[in-house]
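[1] Below are the sequence and a predicted model; questions follow.
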Amino acid sequence: MKNRILKRLDWYIIKKFLGTYVFSIALIISIAVVFDFNEKMDKFMSHDAPLKAIVFDYYLNFIPYFANLFSSLFVFVSVIFFTSKLAENSEIIAMFSTGMSFKRMMRPYMISAAVIALSTFLLSSYVIPRGSATRLAFEDKYYKKRKNTSVRDVQLEVDSGVIAYIERYEDYNKTGYRFSLDKFKDKKLISHLTARSITYDTTAVNKWIIKNYMIRELNGMREKISKGEKIDSTIMMEPGDFLISRNQQEIMTSPQLSVYIDRQKKRGFANIKEFEIEYHKRIAMSFAAFILTAIGLSLSSRKTKGGMGLHLGIGLGLSFSYILFQTISSTFAVNGNVPPVIAMWIPNILYTFIAIFLYRRAPK
């Protein structure tokens with residue numbers, strides 16, 4: 001019994017930590033649902049949204065999405081709330097009086113943080129994206145349309161050495177205007193196709209109907225020109241490659257995001273930073289559970305005159321500043337030259353130094 005990895009005290013702390021975490025999520029999300037419904041009720045009613053769809057398609061997927069989004073805040077509040085209570089009741093002093101070190105006391109906290117980190121990663125990478133697809137489809141139908149119906153100046157590599165360009169694409173008729181297709185061999189242009197319009201055939205994969213076209217085939221100093229009114233062609237692209245909807249990255253699982261990012265990079269498509277940010281954000285937010293738990297424990301384990309209120313105030317300030325730093329770093333990645341992977345880890349790196357500083361000042 002003495003050699004058990006997790007002792008009774010460990011289980012006590014784990015249950016307190018995770019119980020407070022779940023309770024704080026339930027409390028805050030309940031308030032969020034009330035405010036969200038109050039804000040959107042008029043839109044739902046004006047679009048005749050059925051009650052079943054509101055409950056199961058929207059709010060059943062709204063809850064895990066926002067709970068996961070503010071997971072870092074819940075971790076801070078949970079650790080500070082019940083650890084401050086332990087300190088106020090002199091339970092932490094009693095632990096130290098038995099010879100327990102602060103490092104040993106951190107073990108159940110880190111185990112709880114590991115449970116939260118794993119849950120956060122699995123939810124954000126696999127579960128929530130599927131639910132977000134249903135939620136965003138509901139919003140699209142009953143609240144506010146998010147889909148782009150047109151796009152301009154599309155240029156991407158559809159095959160090795162093959163560059164496609166569309167000046168304007170309209171989704172309502174699946175047609176692009178002023179289309180060109182250039183083929184290169186050993187960095188030399190060998191074929192140049194121009195067309196007045198190109199229409200996507202929804203009955204087949206990557207099939208396009210090119211209308212009013214002209215093809216110039218170049219072979220050294222020789223040039224062959226051919227024209228026609230209509231031709232069917234297989235081009236390795238589809239509207240979804242360049243007609244990106246708002247928040248489209250949220251409905252992709254992490255493996256899908258990885259494949260999409262790699263494919264778009266190979267094609268030379270530049271508008272993928274939001275997808276890279278989402279991919280790295282999911283990993284960074286999962287690791288944040290360990291950092292924020294260490295900060296919360298180091299901050300609230302000391303018994304102070306200000307009590308729980310002081311600890312909660314400092315903790316909420318730190319947690320909101322962490323969320324703020326995440327938003328700012330995302331902006332740097334989108335509008336600046338900061339690589340998304342670095343931008344998403346800047347808050348974690350900064351708060352790791354804060355955690356180390358507070359850990360050294362924690363009661364030993």
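    Nice, I can see it. These figures come from a predicted structure and were not determined experimentally.
[2] Run through the strands of the stretch 201-350 of the chain in chain order.
    Using DSSP state E, counting those that start in this stretch, the strands found in the stretch 201-350 of the chain span residues 207-219, 222-234.
[3] where in the stretch 251-364 of the chain is pLDDT low?
    268-271, 303-309, 311, 336, 363-364 (pLDDT under 70).
[4] before we move on, what about the stretch 51-200 of the chain?
    145-148.
[5] which stretches of the stretch 1-150 of the chain form strands?
    Remark: strands assigned in the stretch 1-150 of the chain by DSSP E, counting those that start in this stretch are 150-159.
[6] Export the strands of the stretch 201-350 of the chain to JSON lines and append columns for mean pLDDT, distance to residue 63 and mean neighbour count.
    Every C-beta, even on glycine, is put in place using the N, C-alpha and C of the backbone. Shown next, in JSON lines, are the strands of the stretch 201-350 of the chain (pLDDT from 0 to 100; distance: least, CB to CB, whole Å; neighbours: other CB atoms under 10 Å):
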{"stretch": "strand 207-219", "mean pLDDT": "91", "distance to residue 63": "41", "mean neighbour count": "16"}
{"stretch": "strand 222-234", "mean pLDDT": "89", "distance to residue 63": "44", "mean neighbour count": "10"}
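[7] Surely residue 165 and residue 157 touch.
    No. Using CB atoms under 8 Å, residue 165 is not in contact with residue 157, being 10.7 Å away.
[8] between those two, who's got more neighbours?
    Each of residue 165 and residue 157 has its neighbours counted (other CB atoms under 10 Å); residue 157 has more, 18 against 15.
[9] OK, contacts around that one?
    For residue 157, the contacting residues are 163-164, 266-268, by CB atoms under 8 Å, 6 or more residues apart in numbering.
[10] in the sheet, who's paired with it?
    residue 163 (DSSP bridges).
[11] State the pair within the contacts of residue 157 that is farthest apart.
    164 and 266 (13.5 Å; CB to CB).
[12] And these two? Which one has more around it.
    Neighbour count, other CB under 10 Å: between residue 164 and residue 266, residue 164 has more, with 24 against 12.
[13] wait, the more buried one sits on residue 179?
    Yes. Using CB under 8 Å, residue 164 is in contact with residue 179, at 7.4 Å.
[14] quick one: the residue nearest the centre of the chain from residue 238, how far?
    Note on the chain: the residue nearest the mean C-alpha position is residue 278, at 3.3 Å, using CA atoms, centre = their mean. Distance, residue 278 to residue 238, by CB to CB, to the nearest Å: 21 Å.
[15] and what of residue 92?
    60 Å.
[16] These two - which one has more neighbours?
    Legend: neighbour count by other CB under 10 Å for residue 92 and residue 238, higher for residue 92 (22 against 15).
[17] Can you get me a residue count around the closest residue to residue 207 other than its chain neighbours?
    Leaving out its chain neighbours, the residue that sits closest to residue 207 by CB to CB, 6 or more residues apart in numbering is residue 201, at 4.1 Å. Residues lying near residue 201 (other CB under 10 Å) number 14.
[18] shouldn't residue 201 be in contact with residue 209?
    Yes. Using CB under 8 Å, residue 201 is in contact with residue 209, at 5.9 Å.
[19] between the two, what contacts are shared?
    Joint contacts of residue 201 and residue 209 (CB under 8 Å, 6+ apart) are residue 232.
[20] Let me see the contact set for the nearest residue to residue 111 once chain neighbours are set aside.
    Among residues not flanking residue 111 along the chain, residue 14 sits closest, at 6.1 Å (CB to CB, 6+ apart). Residues near residue 14 by CB under 8 Å, 6+ apart: 6, 108, 111-112.
[21] Can you tell me how far residue 28 is from residue 142?
    Residue 28 sits at a distance of 25 Å from residue 142 (criterion: CB to CB).
[22] one step back: let me know the pLDDT of the residue nearest to residue 111.
    Predicted confidence (pLDDT) for residue 14: 91.
[23] Please apply the same query to residue 2.
    Value for residue 2, per-residue pLDDT: 44.
[24] can you check residue 45 too?
    So, for residue 45, pLDDT stands at 85.
[25] Out of the contacts of residue 157, which is nearest to residue 101?
    Distances from residue 101 to those, taken by CB to CB, are shortest for residue 266, at 52.2 Å.
[26] ok, now which ones touch the closest one?
    Applying CB under 8 Å, 6+ apart, we find residue 266 in contact with residue 157.
[27] Quickly note the distance from it to residue 253.
    Distance from residue 266 to residue 253, by CB to CB: 20 Å.
[28] one step back: now, of the contacts of residue 14, which are buried?
    Among the contacts of residue 14, those scoring as buried are 108, 111-112 (criterion: 16 or more other CB atoms under 10 Å).
[29] Could you find the closest non-adjacent residue to residue 350?
    Per CB to CB, 6+ apart, closest to residue 350 is residue 325, 6.7 Å.
[30] residues contacting the one you found?
    Listed by CB under 8 Å, 6+ apart, the contact set of residue 325 reads 346-347, 350.
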